[in-house]
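Participant: Need a 3D model of the following:
(chains A and B)
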Amino acid sequence: MAADATIRIQQADFDVGHEIAALTKGRIDIGAVVSFSGICRGSENGEPIAALTLEHYPGMAEAEIKRHADEAISRWPLSGLTVIHRVGRIVPGENIVLVLAASAHRQAAFEAAEFLMDYLKANAPFWKREESTAGTSWIEAHDHDDAAAARWTKS
Amino acid sequence: MKVKYFAWVRERIGKAEETIEPPADVRTVGDLIGWLARRGETYAYAFETPRVIRAAIDHTHVKSDAMISGAREIAFFPPMTGG
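Facilitator: Numbers count the residues shown, from 1 in each chain, chains lettered A, B, ... in the order given. As a prediction, the model looks like this:
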């Protein structure tokens, strides 16, 4: 049975344990859940930061995540998938993003979670601005994020 | 057509969206960037390095040679830094 993805973009924080429980509740076909949480660090390049502010492109952000979630579902035998991305102001120690991938066996769950995170970082329309004592500045994209996404491209 | 700007592109231009009517010889996304960049100082600043600007037509990523005819909404933004 093809899995449905749960996709949410929200200001509020989320509880990882609660989300895993919601994904697996009542299911006896799931043998593995891989959870990736992206968390706001307290420093960037050695400089302390007070907070990140996440901006997104409403409509397109949901569409891009859905497109990649659908691709993950077509490439791996997944039993469930959850993607949550927060927007707005996030302080160090708080969650930014969550990917849960559930499958009968661990390999598909590990690979699908990594694929989704690599694609989200390179393609989902979100932008981080950091606040520090020096003021606010937009975080620059890294070439290695594009390279991480490209390695999943089927030749 | 409607254009939307995000992150530092939005900040440099000073607006999040607007409706524009480019002339007929503005056919591609790259043409549109060039046309927008000539609208004033804030636009010139936002589009000063066209190769770093990413674009989307109707919520789908496109390259600078994509045709803009028929587009309802075109967005310009810096490389993405989510996740």
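Participant: going forward, measure contacts between C-alpha atoms and count neighbours the same way
Facilitator: OK.
Participant: Could you check stretch B:64-78 and say which residues are buried?
Facilitator: B:64, B:66-68, B:73-78 (16 or more other Cα atoms under 10 Å in any protein chain shown).
Participant: In strands, which of those residues fall?
Facilitator: Secondary structure from DSSP state E places B:73-77 of the buried residues of stretch B:64-78 in strands.
Participant: Check the offset of the helix or strand of chain A with the lowest mean pLDDT from the chain's centre.
Facilitator: In chain A, no helix or strand scores lower on mean pLDDT, DSSP states H and E than helix A:143-150, which sits at a mean of 84. Its chain's C-alpha centre and that of helix A:143-150 lie 15 Å apart, by Cα atoms, centre = their mean, to the nearest Å.
Participant: could you pull out the strands for chain A?
Facilitator: Under DSSP E, chain A gives strands at A:5-10, A:32-39, A:43-44, A:47-48, A:51-56, A:78-86, A:88-90, A:95-103, A:126-132, A:135-138.
Participant: For the residue nearest to residue A:109 when sequence neighbours are not counted, grab the count of nearby residues.
Facilitator: Spatially, and ignoring its direct neighbours in sequence, residue A:109 is nearest to residue A:101 (5.0 Å; Cα to Cα, 6 or more residues apart in numbering or on different chains). If you count neighbours by other Cα atoms under 10 Å in any protein chain shown, residue A:101 ends up with 30.
Participant: Bridge partners for residue A:101, pull those for me.
Facilitator: Judged by DSSP bridges, the bridge partners of residue A:101 are residue A:34, residue A:81.
Participant: For it, give its distance to chain B.
Facilitator: Per Cα to the nearest Cα, to the nearest Å, residue A:101 is found 16 Å from chain B.
Participant: need the contact list for that residue.
Facilitator: By Cα atoms under 8 Å, 6 or more residues apart in numbering or on different chains, the contact set of residue A:101 is A:33-35, A:78-82, A:109-110, A:112-113.
Participant: go with 6 Å
Facilitator: The neighbourhood of residue A:101, defined by Cα atoms under 6 Å, 6 or more residues apart in numbering or on different chains, consists of A:33-34, A:81, A:109, A:113.
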